[in-house]
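Undergrad: give the three-dimensional model of this entry:
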Amino acid sequence: MLKFYGSHLCKDCVNLKNNCEKYGIEYEYSDISTDLPALKEFLKLRDENPVFDEARKAGGIGIPAIVCQDGTVTLDWMKVIAETGNEPFEEVKSSCSLTDRRGC
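TA: Here you go, the predicted model:
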């Protein structure tokens, strides 16, 4: 099962949720904008994992932050969906991409 941290205000996070729901991908979602314990958990992950270095340098938050089943962390939600054998789609056009990666 995927676990991801995001916000209902983040277009990429909404798109990830929509993809998971459409394709029947099991996931656990933590909205860091409405859940203080989830925010604290996310900040600990963000502070300790180098995958967030680029997002921090660019002034981004680093969401959606996806923790894969094997424990790896990624910000590339489209790649995660593609790896399930499904075609990623964007219902909500994203405006918060960082360089060649996705994420707010």
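
Undergrad: C-alpha from now on. contacts and neighbour counts both.
TA: Noted.

Undergrad: would you list the phi and psi of E90?
TA: phi -120, psi 110 (degrees, to the nearest 10).

Undergrad: renumber starting at 56 from here on
TA: All right, first residue 56 from here; so that's E145.

Undergrad: so what pLDDT did the closest residue to it other than its chain neighbours get?
TA: Of all residues not flanking E145 in the chain, N70 sits nearest, at 5.7 Å (CA to CA, 6 or more residues apart in numbering). At N70, the model reports a pLDDT of 95.

Undergrad: give me the helices and strands touching the host helix or strand of L98, please.
TA: Under the criterion of DSSP states H and E, L98 resides in helix 91-103. In this structure, helix 91-103 packs against strand 82-86, with contacts taken as 3 or more CA pairs under 8 Å, 6 or more residues apart in numbering; DSSP states H and E.

Undergrad: tilt between the strand it packs on and helix 91-103?
TA: Angle, strand 82-86 to helix 91-103, by axes from the mean of the first three to the mean of the last three CA atoms, to 10 degrees: 100 degrees.

Undergrad: can I get strand 82-86 in CSV? Just the C-alpha atoms.
TA: Extracted C-alpha coordinates of strand 82-86, given in CSV (Å, rounded to 0.1, in the frame of the first residue of the first chain):
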residue,chain,number,x,y,z
TYR,A,82,-3.3,4.1,-0.4
GLU,A,83,-3.1,5.9,3.0
TYR,A,84,-3.4,9.6,2.7
SER,A,85,-2.2,12.2,5.3
ASP,A,86,-3.4,15.7,4.7
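
Undergrad: partners of it in the sheet?
TA: Strand pairing for strand 82-86, using DSSP bridges, gives strand 57-61 (parallel).

Undergrad: chain center to the strand it pairs with: distance?
TA: Once both centres are worked out by CA atoms, centre = their mean, to the nearest Å, strand 57-61 turns out to sit 6 Å from its chain's centre.

Undergrad: in terms of secondary structure, what does the helix or strand just after that strand contact?
TA: Under the assignment DSSP H and E, the closest C-terminal helix or strand after strand 57-61 is helix 66-78. Secondary-structure packing of helix 66-78 (3+ CA pairs under 8 Å, 6+ apart): helix 132-137.
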